[in-house]
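Participant: sequence-free structure coming up:
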DNA sequence: GCGAGATAGTACCGATCGGTCTCATCTAAC
DNA sequence: GTTAGATGAGACCGATCGGTACTATCTCGC
């Protein structure tokens, strides 16, 4: 049957709903592993609507990743602002991801996963993943600078290695304990910096 | 035409040749992105031979990953043995991967990539990736123990985070500099341990 | 040289892929 | 009420997927 009775006919809400459903299923099962039909079913939308809104599967993937990195950035910036001092602000990032690792269905960083899956094409997913890494570098660099660390860029890059390493291993091992491990590494690095 | 004239008819060599070709193309382009036909072409073998030897694509993937982890383990164990003292032996692992990052066509850790691509199925690739991580933990733990570090298991787990984080980021950014970054982090962690 | 096994080449199978299309039905604005 | 746009359902398309079958040709042990 056509549009669900009683539901608003809101193009923007439809787009958002598709984005949310596609994001969920891509993260859980993988981008290559999921077809448009499955996304349509998960979103409660038709293929027509998906292609009208996003043009192609690649377009949908790009929209999902762009939306994802935007949300993650806002998420981190908000968490950082709620912490007091420089060092606590940095640790707040790792406390935040620790709660993320413990969520049911956690499957790692969507941006890195997409870049890994797309490694044969060198396309938009990898570029967005690089931008995502650079966001973390800039964020850490700013916080380290505020904390009075000399050479904040170098330490910032090290923190990104720890962050993504912990995220990857937590996903592979399905082990939320990587949050605490990452935090311990970061404290050692901050002590030394 | 059938078997190439002048070439030996050696089933074991054929199997090895398929394994090598599949490994190369899987790493470079991704497991899901590559079909059996392409592997057959790359290996200079027919699909019949592939299925006779490996049963299915999943069987081939498992064989490739098993072979891969075996080679990587031997590679690391050999490098470690050539170093002198405990601390140098640990750093030898990171010096080794630094040369790996600098290789043309480097695309990250095949085991983690496979687990990431297969995250929707929870199958053999993820199990092999976990075994691979445990190999690193055991290796580092042994070396740290020999170096007189207290609580070697904890530090070993931290080194694995750094190793896999650097490998992932080096692949995404195509930046061999992650080798030196990882080494610097490890030195800090060893100083603190 | 003869038979057994390994292999290449290729056609083929059903399923699924990304993507297009048609049609009926809904909502929203007037 | 009428109309335009949004949508769902699903048939359809060509391509490709993993996997099988068949045939001809090669090598090797005897």
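Facilitator: Thanks, I have the structure now. What you are looking at is a predicted structure, and each value in this text was computed from that prediction instead of being measured. Residues are numbered from 1 along each chain as shown, chains lettered A, B, ... in the order given.

Participant: let me see the ranges of the strands in chain A.
Facilitator: Applying DSSP state E to chain A gives no strands.

Participant: low-confidence regions, it specifically.
Facilitator: Chain A contains residues with pLDDT under 70 at A:1-9.

Participant: in it, what residue is nearest chain B?
Facilitator: residue A:165 (2.3 Å; Cβ to the nearest Cβ). In this view, the C-beta of every residue, glycine as well, is placed from N, C-alpha and C.

Participant: tell me how far that residue lies from DNA strand C.
Facilitator: 30 Å (Cβ to the nearest atom of the strand, to the nearest Å).

Participant: ok, now residue A:117?
Facilitator: Using Cβ to the nearest atom of the strand, residue A:117 is found at 12 Å from DNA strand C.

Participant: wait, that residue sits on residue A:125?
Facilitator: Yes: with contacts counted by Cβ atoms under 8 Å, residue A:117 reaches residue A:125, the gap being 7.4 Å.

Participant: need the overlap of contacts for those two.
Facilitator: By Cβ atoms under 8 Å, 6 or more residues apart in numbering or on different chains, residue A:117 and residue A:125 have these common neighbours: residue A:31.

Participant: show me the helices in chain A, by range?
Facilitator: A:11-29, A:36-43, A:47-54, A:57-82, A:86-101, A:110-117, A:124-146, A:152-173, A:178-192 (DSSP state H).

Participant: returning to what we had before: list the contacts of the residue of chain A closest to chain B.
Facilitator: Contact analysis of residue A:165 by Cβ under 8 Å, 6+ apart lists A:182, B:160, B:161, B:162, B:163, B:164, B:165, B:166, B:168.

Participant: a markdown table for those residues, including distance to residue B:45?
Facilitator: Shown next, in a markdown table, are the contacts of residue A:165 (distance: Cβ to Cβ, whole Å):
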| residue | distance to residue B:45 |
| --- | --- |
| A:182 | 44 |
| B:160 | 36 |
| B:161 | 39 |
| B:162 | 39 |
| B:163 | 34 |
| B:164 | 33 |
| B:165 | 37 |
| B:166 | 36 |
| B:168 | 32 |
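
Participant: and which of the residues you listed is nearest to residue B:38?
Facilitator: residue B:168 (25.4 Å; Cβ to Cβ).

Participant: okay, now the closest one: neighbour count?
Facilitator: Neighbour count for residue B:168, taken as other Cβ atoms under 10 Å in any protein chain shown: 29.

Participant: stretch A:108-118 close to chain B?
Facilitator: Yes: shown here: stretch A:108-118 in contact with chain B (Cβ under 8 Å from any Cβ of the partner chain) through A:108, A:112, A:113, A:115, A:116, A:117, A:118.

Participant: wait, isn't the fifth one in contact with residue B:111?
Facilitator: No: judged on Cβ under 8 Å, residue A:116 makes no contact with residue B:111 at a distance of 11.8 Å.
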